[in-house]
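>>> A predicted structure for the sequence below; I have some questions about it.
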Amino acid sequence: MMNKLQLIGAFVIAFCSVTVLNAQDATITVKPSEDAPTISKHIYGHFAEHLGRSIYDGFYVGEDSPIPNTDGVRNDLIEALKAIKIPNLRWPGGCFADTYHWKDGIGPQEDRPTIVNTWWGGVTEDNSFGTHNFLNLCEALDTEPYLAGNVGSGTVKELADWVQYVNHDGTSPMADLRKENGREKSWGVTYWGVGNEMWGCGGNMEPEFYANLYRQYATFMGSWNNEAGLYRIASGANSADYNWTEVLMKNIPKNLIDGVALHHYSVIDWGAKGPDVTFSEEQYFTTMKSSLFMDELITKHVAIMDKYDKNKEVDLVVDEWGGWYEVQEGTNP
């Protein structure tokens, strides 16, 4: 991923300096000898969570569906995502990630236990969409998978086993299990989230507690022969919680961390989020104003990170940023 997201704002500045003399007259100085910054493709990544009909009755319809599909995923969706060339896809959450146990989603479908999606609607899911389906989809899209591990209700071993299952080509308990389930070659997953929103739905933790927990989980993950190694992303701050970033950067050794996440939603009021279609002009402009707050968030979080990371080895990873609106009546599963 990119070296600190401030590169977005630096794009124009690196090429020229502008001096405004008056409204009609400006001077532009071009400096072609200066290297242009590189903006990572990964800032255009996507997110697929078990929320509403995002997965079931959404892009996953099952292999027996009359809707044309590959491995249960709609063919029209595959072609649409290919067309926009998404660079990465994050799954299974979100809040759902810290309730999800990946071993429930592998093996014969008739043997898989169900799960109640406690965060999103309380619906019962059959785990028919699992690790193989997701990673095969990423292969079909030629996109980087980004797996969010369960820290909130999972174990160190569970996450370590998941890394081994998807990344190891040799002989090991998890690699052998993957082969039994029909996949000989590993997928080689680089990007891993070590929990999600640990300050909230991931466990309502204090940053000091999570920093220690992160160190434990990251220590035992291992890359398991993945040539690119692992890119481990800590569960970062909720919007302007700058203390969270401070504590993580201060207490997590740099050899155990590659990125710190940041989440921000352009919501007017979480208690009254407003409609996604029949919104007023005032609601529209208030939402747009909230979205601009991201610029300040990036600047301030990066400044904190730079205090503890002079060589800019740890990236700021904005892996949730968008709008959030009231559910349309009758659309929940």
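It's in. Nothing here was measured: the structure is a model prediction, and the numbers come from that model. Residues are numbered from 1 along each chain as shown.
>>> going forward, measure contacts between C-alpha atoms and count neighbours the same way
Fine.
>>> where in the stretch 151-300 of the chain is pLDDT low?
226 (pLDDT under 70).
>>> tell me which element the residue nearest to Arg178 when sequence neighbours are not counted falls in.
Spatial nearest neighbour of Arg178, chain neighbours left out: Tyr165 (6.1 Å); criterion: CA to CA, 6 or more residues apart in numbering. Here Tyr165, judged by DSSP states H and E, is contained in helix 156-167.
>>> Correct me if wrong: Gly193 contacts Pro145.
No. The criterion here is CA atoms under 8 Å, and Gly193 misses it with Pro145 at 10.9 Å.
>>> The residue lying closest to His263 once chain neighbours are set aside: what secondary structure?
Closest residue to His263 in three dimensions, ignoring its sequence neighbours and counting by CA to CA, 6+ apart: Glu320, at 4.8 Å. Local secondary structure at Glu320 is given as strand here, using DSSP: H, G, I helix; E, B strand; the rest coil.
>>> what's the neighbour count on Glu320?
A count of nearby residues for Glu320, using other CA atoms under 10 Å, gives 16.
>>> Leu262 is in contact with that one, correct?
Yes. Applying CA under 8 Å, one finds Glu320 in contact with Leu262, separated by 6.9 Å.
>>> who are the neighbours in contact with the residue nearest to Arg178?
Contacts for Tyr165 were tallied using CA atoms under 8 Å, 6 or more residues apart in numbering; they are 174-175, 177-178, 186.
>>> okay, now Gly195: neighbour count?
By the other CA under 10 Å criterion, the neighbourhood of Gly195 contains 30 residues.
>>> I'd like the distance between it and Gly154.
Plainly put, Gly195 is 9 Å away from Gly154 if you go by CA to CA, to the nearest Å.
>>> can you check Pro32 too?
According to CA to CA, Pro32 stands 52 Å off from Gly154.
>>> So for the two, which residue has more residues nearby?
Between Pro32 and Gly154, Gly154 has the larger neighbour count (other CA under 10 Å), namely 17 against 10.
>>> that older thread, list residues touching both of Gly195 and Gly154?
Residues touching both Gly195 and Gly154 (CA under 8 Å, 6+ apart) are Asp98.
>>> hang on, the earlier thing: strands - which of the contacts of Tyr165 land there?
When strands are assigned by DSSP state E, not one member of those lies inside them.
>>> At which residues are the strands of this protein located?
With DSSP E as the definition, the chain shows strands at residue ranges 16-20, 26-30, 46-47, 69-70, 73-74, 88-91, 115-117, 123-125, 144-149, 191-194, 231-238, 259-265, 315-322.
>>> shouldn't Gly107 be in contact with Asn133?
No. Counting by CA under 8 Å, Gly107 sits too far from Asn133 to count as a contact (11.4 Å).
>>> That'll do, ta.
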